[in-house]
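>>> give me coordinates for this.
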Amino acid sequence: MDEDKIIDVPETAQLEKLIKQKKYRRDYIKIIQNTISSLIVVAAIAVLIATLVLPVLRVTGNSMNPTLTNDEMVICKKHGGYKTGDIIAFYYNNKILLKRVIATEGQKVNIDTQGNVFVDGIALEEDYVTEKSMGECDITFPYQVPAERVFVMGDNRATSVDSRSNQVGCVAEENVVGVVMLRLWPFERAGRIN
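Sure, this is the predicted structure:
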């Protein structure tokens, strides 16, 4: 028998250090997994809210100048009532357009040669329009808005193609995405939209 054989046993301090390292690594991996899981849940909730309740839209084009300009980001409130003067988002030819509500079903719209807009015989106060214009217009005035439709116009009247044209016409209520509420981008113009 070999009684002189020495067994190398690690010291207690070394064992404690190894145990601490293993525990630290296990805890670190657990924190990373929990963080990733939390981020996935938050992202899923954000996507649901953005899709179902408050869609974020990017403005393209200049038809809503000066109120909204190209490449701005806005938040739209879905499933809410809208009234004359509100900016709504609606589906048109697989795109979402942004225009201002001028009249709702049953109301009569008239536009004179100077571009002044009248609804049910009353001139609209349109401080959001910088230049009045007839624009692209191929409908006959006075025009009565059909049932379950909305008459919309862009704030940049000279360039906007909207309900004054048969190309777009009045917007069916079922195509309305919602009311544009807030500007997110650019930050210096962020805030409520009127």
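>>> how about the strands in the protein?
For the chain, the strands defined by DSSP state E cover 56-58, 73-78, 87-92, 95-104, 108-111, 117-119, 122-123, 143-144, 149-153, 171-172, 176-185, 191-192.
>>> tell me the most buried of the ones you listed?
The highest average neighbour count among the strands of the chain, using mean count of other Cβ atoms under 10 Å, belongs to strand 149-153 at a mean of 25. C-beta here means a position set from N, CA and C on the backbone, and glycine is covered the same way.
>>> tell me the pLDDT at the residue lying closest to Met153 once chain neighbours are set aside?
Spatial nearest neighbour of Met153, excluding adjacent residues (Cβ to Cβ, 6 or more residues apart in numbering): Asp162 at 4.6 Å. We have a pLDDT of 88 for Asp162.
>>> pretty sure Asp162 sits against Leu98.
No: with contact defined as Cβ atoms under 8 Å, Asp162 does not count as touching Leu98 (10.4 Å).
>>> quickly list what's touching both of the two.
Jointly contacting Asp162 and Leu98 under the rule Cβ atoms under 8 Å, 6 or more residues apart in numbering are Ser63.
>>> follow-up on the earlier one: how about the strands of the chain in JSON lines, adding mean pLDDT and distance to Leu39?
What follows is the strands of the chain, written out as JSON lines (pLDDT from 0 to 100; distance: least, Cβ to Cβ, whole Å):
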{"stretch": "strand 56-58", "mean pLDDT": "77", "distance to Leu39": "19"}
{"stretch": "strand 73-78", "mean pLDDT": "84", "distance to Leu39": "22"}
{"stretch": "strand 87-92", "mean pLDDT": "90", "distance to Leu39": "29"}
{"stretch": "strand 95-104", "mean pLDDT": "91", "distance to Leu39": "28"}
{"stretch": "strand 108-111", "mean pLDDT": "93", "distance to Leu39": "49"}
{"stretch": "strand 117-119", "mean pLDDT": "93", "distance to Leu39": "49"}
{"stretch": "strand 122-123", "mean pLDDT": "90", "distance to Leu39": "53"}
{"stretch": "strand 143-144", "mean pLDDT": "92", "distance to Leu39": "52"}
{"stretch": "strand 149-153", "mean pLDDT": "94", "distance to Leu39": "39"}
{"stretch": "strand 171-172", "mean pLDDT": "91", "distance to Leu39": "38"}
{"stretch": "strand 176-185", "mean pLDDT": "85", "distance to Leu39": "21"}
{"stretch": "strand 191-192", "mean pLDDT": "74", "distance to Leu39": "29"}
